[in-house]
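[1] sequence first, then the predicted structure, then my questions.
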Amino acid sequence: MKRIALALSALTLGAAIVATPAMVSAWGSSGHRMVGMAAVRALPAELPAFLRTPGAVAEVGELSREPDRTKGGGQPHDRERDTAHFVDMDEAGHVMDGRGPSIDALPVLKSEYDAVLIAAGHDVNDAGYLPYAIWDGYQQLVRDFATWRVLNAAEAREQDPARRAWYRADRLRREALILRDLGYLSHYVGDGAQPLHTSIHYNGWGRYPNPEGFTDSRQTHGTFEGAFVRRTVRFDAVEAAMAAPRLDDADLRQRVPAYLKTSLAEVIPFYRLEKAGAFVDSDARGGAFATARLAAGAAELRDLTVLAWRDAADDSIGWPTVKVAEVEAGTADPWLSMIGED
């Protein structure tokens, strides 16, 4: 319990969570830690035991920050990754404006998405790849879980000591990769819970019709999601605010847009709160808003993790491919598929 206690203490006290303004992005360190840790702490018993330990909770919390920490690597690194943290939608859910694609009808491939945006006269760097980052991260987690399930089942049945040792070593490698990949997915799901990461009004209302007189300050984004969250949001409050599991909607092509539209619907409420002066430490409304959005991210990450685990049971993995269900049932030997037939 020591590692999680230390992590929770850091969240509560704000120790070692200071980010420079230039690096603050989508909740800063504190918020991303909370999303990852709360989600993993809420995983049900059907998930593997290694993923439900205090150490795994703390590890995913730290790795949830990683996509922000790796920014600025140069091209093509930044083109693919830095644009993955957001998707700029108008109030109707179209990317950039009415000429852009609807969030409900995005092309399957990013290259096709780029082509639609270019044809509409938009700079693809301005639009953002967030839904694709979540889809990609989910699919990677399914593959990780499928591999783990095969290795775990094979290790339990293997009679040859050398093969059993290899299965165990590879399972442990996969467990480290699962924590890493879950941390990355946590980051993008957390980004999706931050309303300003889903809107053309991402840092002040901007040059758009503004009948309610919302702020145009370019400090709006960073002021809200970084130090304010660290000072005002409690981890236990985020956990308490998480919605009950919602595991009946397993179609990610529909689920991810619906999740992002829920955040988009909070953009105007955010600006109304900002106009009312709610985002100061002495006003409980601002802290409650941030808590609710972080809880939404944590609940979605918890549910996506469970769905990925379940999807993995129907997957095939390795080369030549082997079905996870057959290995777990003991009707297929995955040795060559896992270690490589050459």
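    Everything's here; your move.
[2] name the helices or strands packed onto the strand or helix carrying Tyr188?
    Using DSSP states H and E, Tyr188 sits within helix 161-193. Contact analysis of helix 161-193 by 3 or more C-beta pairs under 8 Å, 6 or more residues apart in numbering; DSSP states H and E lists helix 28-41, helix 54-63, helix 66-69, helix 130-157, helix 252-264, helix 284-312, helix 335-339 as its packing neighbours. Bear in mind the C-beta positions are built from the backbone N, C-alpha and C, glycine included.
[3] would TSV of those with mean neighbour count, distance to Ala244 and mean pLDDT be doable?
    Putting the helices and strands packed on helix 161-193 into TSV (neighbours: other C-beta atoms under 10 Å; distance: least, C-beta to C-beta, whole Å; pLDDT from 0 to 100) gives the following:
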stretch	mean neighbour count	distance to Ala244	mean pLDDT
helix 28-41	28	14	96
helix 54-63	22	20	98
helix 66-69	18	28	94
helix 130-157	21	20	98
helix 252-264	19	15	98
helix 284-312	23	8	98
helix 335-339	17	37	96
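[4] do you know which of those helices lies nearest Tyr167?
    helix 130-157 (3.8 Å; C-beta to C-beta).
[5] off-centre distance for the closest one?
    Mean-position distance between helix 130-157 and its chain equals 15 Å (C-alpha atoms, centre = their mean, to the nearest Å).
[6] tell me the angle of that helix relative to helix 252-264?
    Helix 130-157 and helix 252-264 meet at an angle of 130 degrees, taking axes from the mean of the first three to the mean of the last three C-alpha atoms, to 10 degrees as the criterion.
[7] so which elements touch helix 130-157?
    Packed on helix 130-157, when contacts are counted by 3+ C-beta pairs under 8 Å, 6+ apart, are helix 161-193, helix 252-264, helix 284-312, strand 316-317, helix 324-329, helix 335-339.
[8] out of these, which gets nearest to Val142?
    Comparing the helices and strands packed on helix 130-157 by C-beta to C-beta, helix 284-312 comes nearest, at 4.7 Å.
[9] phi, psi for His201 please.
    When read as degrees, to the nearest 10, the backbone of His201 gives phi -90, psi 50.
[10] any idea how far the spatially closest residue to it that is not a sequence neighbour is from Val322?
    Nearest residue to His201, sequence neighbours excluded (C-beta to C-beta, 6 or more residues apart in numbering): Val267, at 5.9 Å. Distance, Val267 to Val322, by C-beta to C-beta, to the nearest Å: 46 Å.
[11] same question, Ala276
    58 Å.
[12] and the two? which has more neighbours close in?
    Taking neighbours as other C-beta atoms under 10 Å, Ala276 and Val322 compare with Val322 leading, 21 against 11.
[13] bridged to that one, which residues?
    Judged by DSSP bridges, the bridge partners of Val322 are Ile317.
[14] wait, it touches Thr331, no?
    No: using C-beta atoms under 8 Å, Val322 is not in contact with Thr331; the gap is 10.3 Å.
[15] contacting residues for the nearest residue to Ala193 once chain neighbours are set aside?
    Nearest residue to Ala193 in three dimensions, chain neighbours excluded: Gly297, at 3.2 Å (C-beta to C-beta, 6+ apart). By C-beta atoms under 8 Å, 6 or more residues apart in numbering, Gly297 lies in contact with Val35, Ala39, Val189, Gly190, Gly192, Ala193, Gln194.
[16] cheers, nothing more for now.
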